[in-house]
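[1] the following comprises the amino acid sequence and a computationally predicted model.
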Amino acid sequence: MSYRTVLAEVLTRAVAPGAELTGAEGRFPRGAVTALGATGLLGLTVSTEFGGAGLGLPEAAEVVARTARVCPATAAVLQAHYTAVAVIESCGSPWVRAEIAAGRHLSSLALAEDATGGHGEEAQLLVPRGTAVRSGGVVALRGRKRRVVAAGEADSYVWSSRPLGVPDGLSLWGVPAHAPDLFVPARPDPVGPSGSATSTVLADPVLVPADAMLGEDGGGLDIVLRTVLPWLLELRAAAGAEGLRTAAADVVRRPADSLAPS
């Protein structure tokens with residue numbers, strides 16, 4: 001069965017029924033995410049070697065665009081997840097890749113540190129202020145990450161910090177959501193679709209094993225430039241274009257007198 005057929009079924013059966021409640025009450029679409037995992041769509045871009053579908057950015061963008069028609073919050077979660085998975089695919093552990101392919105693991109991005117979005121938002125991903133200090137086989141990460149989608153709901157975060165021992169670049173880490181002292185405030189950030197659980201994530205500090213580093217020390221800058229930004233921007237564009245089309249269709253469907261000035 002093709003991923004398009006599976007997606008159509010999941011959107012009808014699991015995403016659409018809860019979309020209105022997700023938007024109105026800001027409730028995270030856990031049922032939709034569970035269904036996406038159970039049908040293999042969370043593992044869409046994981047290589048077949050680990051049980052995924054082995055597909056790429058064009059297919060992920062199509063899934064995000066079609067999901068955005070039904071539930072913007074779920075689409076936002078998929079944007080962050082697929083981008084994080086692109087990093088994990090290149091330098092993450094085989095176990096995490098297999099868990100994602102099996103639909104048991106949702107990942108997200110914890111990269112931005114500025115409180116506001118808008119112009120220059122992408123540039124903010126390139127210069128983290130958060131630190132990493134190693135002591136033996138353990139690394140203490142400190143930082144305040146903003147605009148984290150699925151904060152408190154994801155199973156792991158792709159986290160950025162200053163490098164451990166090189167002067168330039170940044171380092172990336174796979175931080176499990178259950179790590180002690182990783183804190184998500186109850187109040188969400190005033191950005192992102194309602195229900196996407198977009199919030200701040202605090203580490204002060206969070207301890208992770210040294211082998212949680214994704215790639216080389218300082219090499220995260222190249223990963224962000226070559227992988228994170230292309231995926232993130234393409235998936236955002238897919239969801240945004242779909243939102244514009246949906247809004248335009250709504251206008252066309254309205255009675256003419258509802259469009260007249262009051």
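    Looks like it came in fine. Numbers count the residues shown, from 1 in each chain.

[2] Gly195 is in contact with Ala73, isn't it?
    Yes. Here Gly195 reaches Ala73: they are 3.6 Å apart, a contact under Cβ atoms under 8 Å. C-betas here are computed from N, CA, C, even on glycine.

[3] more neighbours: these two, which one.
    Ala73 (29 against 25; other Cβ atoms under 10 Å).

[4] distance-wise, check that one relative to Leu106.
    Using Cβ to Cβ, to the nearest Å, one gets 13 Å for the distance from Ala73 to Leu106.

[5] what do you get for Phe183?
    In terms of Cβ to Cβ, Phe183 sits 19 Å off from Leu106.

[6] those two: who's more crowded?
    Neighbours per residue, other Cβ under 10 Å: of Phe183 and Leu106, the larger number sits with Leu106, 25 against 12.

[7] what does that one show for phi and psi?
    phi -110, psi 130 (degrees, to the nearest 10).

[8] excluding sequence neighbours, find me the nearest residue to it.
    Nearest in space to Leu106, with sequence neighbours left out and distances taken as Cβ to Cβ, 6 or more residues apart in numbering, is Ala154 at 4.8 Å.

[9] pretty sure that neighbour sits against Leu109.
    No. Using Cβ under 8 Å, Ala154 is not in contact with Leu109; the gap is 9.2 Å.

[10] check what pLDDT Gly120 gets.
    Note on Gly120: pLDDT of 57.

[11] also Met1?
    85.

[12] over to the one 3 residues further on?
    Reported pLDDT at Arg4 in the predicted model: 97.

[13] shaky segments in the stretch 151-262 of the chain?
    186-189, 241-262 (pLDDT under 70).

[14] what are the ranges of the helices in it?
    Per DSSP state H, counting those that start in this stretch, the stretch 151-262 of the chain carries helices over the ranges 220-223, 229-253.

[15] please report the distance of the residue nearest to Leu106 from Asp217.
    For Ala154, the distance to Asp217 - Cβ to Cβ - is 24 Å.

[16] which other residues reach stretch 78-98?
    36, 42, 44-47, 50-52, 57, 60, 63-64, 67, 100, 105-109, 148-150, 154, 156-158, 172, 174, 214-215, 223, 227-228, 231-232, 235-236, 239 (Cβ atoms under 8 Å, 6 or more residues apart in numbering).

[17] just give the number of residues close to Leu126.
    Residues near Leu126, counting by other Cβ under 10 Å: 16.

[18] phi first, then psi, for it.
    Given degrees, to the nearest 10, the pair of backbone angles that Leu126 has is phi -100, psi -10.

[19] which residues does it contact?
    Leu170, Leu221, Val224, Leu225.

[20] would you check how far apart it and Val133 are?
    With Cβ to Cβ as the criterion, Leu126 and Val133 are 21 Å apart.
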